[in-house]
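1. Give me coordinates for this.
(4 chains)
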Protein chains: 2
Amino acid sequence: MLHKEHLGMAIPRRRPQAKTDISAIERICVEKGMRMTEQRRVIAQVLSDSTDHPDVEQVYRRASELDSRISIATVYRTLRLFDEANVIDRLEFGDGRARYEVSDDSSPHHHLIDMKTGRVLEFENDELDKIKNDIADKLGYELVGHRVELYGMPKTGNDDT
Amino acid sequence: MLHKEHLGMAIPRRRPQAKTDISAIERICVEKGMRMTEQRRVIAQVLSDSTDHPDVEQVYRRASELDSRISIATVYRTLRLFDEANVIDRLEFGDGRARYEVSDDSSPHHHLIDMKTGRVLEFENDELDKIKNDIADKLGYELVGHRVELYGMPKTGNDDT
DNA sequence: CTAACTGCAAAGCGTTTGCGATGAG
DNA sequence: CTCATCGCAAACGCTTTGCAGTTAG
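-> Prediction:
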């Protein structure tokens, strides 16, 4: 999993956020006229409790621990639903399966994938965000989405799990 | 939430590159002790002639036109081979299938996907490349790969070339 | 009560692979 | 000749979906 980072630079770790997310998700479900089933509540719980970037299988396993009545089909359906409602973000790190994280518009970030351990680090960089927008603008586009992923090998001296 | 639908026909928008690519690919094949079969030659030809970012199906179709004896399994195998030999780059724009382009170390670039037409624009940005490296470095990593994709909607007044 | 939702199992889709046949070196 | 490579079709891994039963509102 993701532990505290050792480098004190501008490396915002993921906020150990409170259950506000769950109610946020529930609120949006209600707003969109969706039914708040036990399964959705559990999956929302799992997502907001996760500090990593779980794939479907992982969400399924974590949800099953809380409530064994959940099927993986429902996990797939629910994750897609939440993604479309912009409550969570679907990530793809190139290994074929999707990963998810709770959306957080207030602190947009990107990912660096540790090619040795598979760990995923998050980082923010305002300059990068600015350049992205400038480029899109210069090309005549309004930026509606983006994907910035860095893949790196830990430098020697970098203690890793 | 990045779901693109019609990325089907990306319009050519790549700098015209010389056929030197073919010999470059052949050279590398030989260097690595691989056999230069007719199939590989044809696929290399297709790739270096492509100015867009064809997916496997498209490479298969274009190759078939040049030589009908090619099977899609060979296209998959060859593309993977070329990718591993770093002759071509595998791209993923989020629609589930892989796309390919001939590598060009001399002018690293990124992609902006037109969400309206599916067209893929390429752009270079040294500052962006520098920031990427700085971030990886600061996090304790050596950058071994990256993926920067922008998704944009054409601004009004954008002359769709 | 009834439309939305779920579980299950089957299907879908892009990609990979086992195997016997083929051909490059 | 011999082994890398090929074509074919079956298998694979992740994801979606049709259907009949369940449940939130």
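
2. quick one, helices of chain A?
-> A:20-31, A:38-49, A:56-66, A:72-84, A:126-138 (DSSP state H).

3. near chain B at all, the last one?
-> Going back to what we said before, that points to helix A:126-138. Yes - applying CB under 8 Å from any CB of the partner chain, one finds helix A:126-138 touching chain B at A:127-128, A:131-132, A:135-137. All C-beta atoms are positioned from the backbone trio N, CA, C, and that covers glycine.

4. cool, and the shortest one?
-> No - in terms of CB under 8 Å from any CB, no part of helix A:56-66 sits within range of chain B; the closest distance is 15.0 Å.

5. tell me which parts of chain A are close to DNA strand D?
-> Those residues of chain A that sit near DNA strand D, judged by CB under 7 Å from any atom of the strand, are A:30, A:35-38, A:55-57, A:72-73, A:76-77, A:80, A:96-98.

6. TSV please, covering the helices of chain A and showing distance to B:Gln45 and mean neighbour count.
-> Below are the helices of chain A laid out as TSV (distance: least, CB to CB, whole Å; neighbours: other CB atoms under 10 Å in any protein chain shown):
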stretch	distance to B:Gln45	mean neighbour count
helix A:20-31	51	15
helix A:38-49	48	20
helix A:56-66	40	17
helix A:72-84	40	17
helix A:126-138	32	16
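
7. Quick one, which of these gets closest to DNA strand C.
-> The minimum distance between DNA strand C and these falls on helix A:72-84, with 2.9 Å, by CB to the nearest atom of the strand.

8. which helices and strands sit right next to the closest one?
-> helix A:38-49, helix A:56-66, strand A:88-92, strand A:98-102 (3 or more CB pairs under 8 Å, 6 or more residues apart in numbering or on different chains; DSSP states H and E).

9. now with 10 Å?
-> Where contact means 3 or more CB pairs under 10 Å, 6 or more residues apart in numbering or on different chains; DSSP states H and E, helix A:72-84 is packed against helix A:20-31, helix A:38-49, helix A:56-66, strand A:88-92, strand A:98-102.

10. Can I get those in TSV including mean pLDDT?
-> Below are the helices and strands packed on helix A:72-84 laid out as TSV (pLDDT from 0 to 100):
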stretch	mean pLDDT
helix A:20-31	75
helix A:38-49	94
helix A:56-66	97
strand A:88-92	94
strand A:98-102	95
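
11. and which of the residues of helix A:126-138 next to chain B is nearest B:Phe123?
-> Distances from B:Phe123 to these, taken as CB to CB, are shortest for A:Ile135 (5.8 Å).

12. Now for that closest one: which residues touch it?
-> Listed by CB atoms under 10 Å, 6 or more residues apart in numbering or on different chains, the contact partners of A:Ile135 are A:141, A:143, B:110, B:112, B:121, B:123-125, B:127-128, B:148, B:150, B:152.

13. and the end-to-end length of stretch A:89-96?
-> One end of stretch A:89-96 sits 16 Å from the other (CA to CA, to the nearest Å).

14. typed the wrong thing, it's stretch A:59-78
-> 11 Å.

15. Can you show me the CA trace of the least confident helix or strand in chain A by mean pLDDT as PDB?
-> When each helix and strand of chain A is scored by mean pLDDT, DSSP states H and E, helix A:20-31 comes last, with a mean of 75. Extracted in PDB, the C-alpha atoms of helix A:20-31 (Å, rounded to 0.1, in the frame of the first residue of the first chain):
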ATOM      1  CA  THR A  20     -17.600  12.800   3.700                       C
ATOM      2  CA  ASP A  21     -17.000  11.000   0.500                       C
ATOM      3  CA  ILE A  22     -19.600   8.400   1.200                       C
ATOM      4  CA  SER A  23     -22.200  11.000   1.900                       C
ATOM      5  CA  ALA A  24     -21.000  12.900  -1.100                       C
ATOM      6  CA  ILE A  25     -21.400   9.800  -3.200                       C
ATOM      7  CA  GLU A  26     -24.800   9.100  -1.700                       C
ATOM      8  CA  ARG A  27     -25.900  12.600  -2.300                       C
ATOM      9  CA  ILE A  28     -25.000  12.400  -5.900                       C
ATOM     10  CA  CYS A  29     -26.700   9.100  -6.300                       C
ATOM     11  CA  VAL A  30     -29.900  10.600  -4.800                       C
ATOM     12  CA  GLU A  31     -29.500  13.700  -7.000                       C
END
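
16. Report the central residue of chain A.
-> For chain A, A:Glu101 is the residue whose C-alpha lies nearest the centre (CA atoms, centre = their mean; 1.8 Å).

17. and the gap between it and chain B?
-> Per CB to the nearest CB, to the nearest Å, A:Glu101 is found 12 Å from chain B.

18. ok now do that residue, which residues does it touch?
-> When contacts are counted by CB under 10 Å, 6+ apart, A:Glu101 is found next to A:14, A:47, A:50-54, A:88-91, A:109, A:111, A:120, A:122.

19. Out of these, who's the most crowded?
-> Highest neighbour count within the contacts of A:Glu101, by other CB atoms under 10 Å in any protein chain shown: A:Ile88, with 25 neighbours.

20. Okay, and the beta partners of it?
-> Residues in a beta bridge with A:Ile88, per DSSP bridges, are A:Val102.
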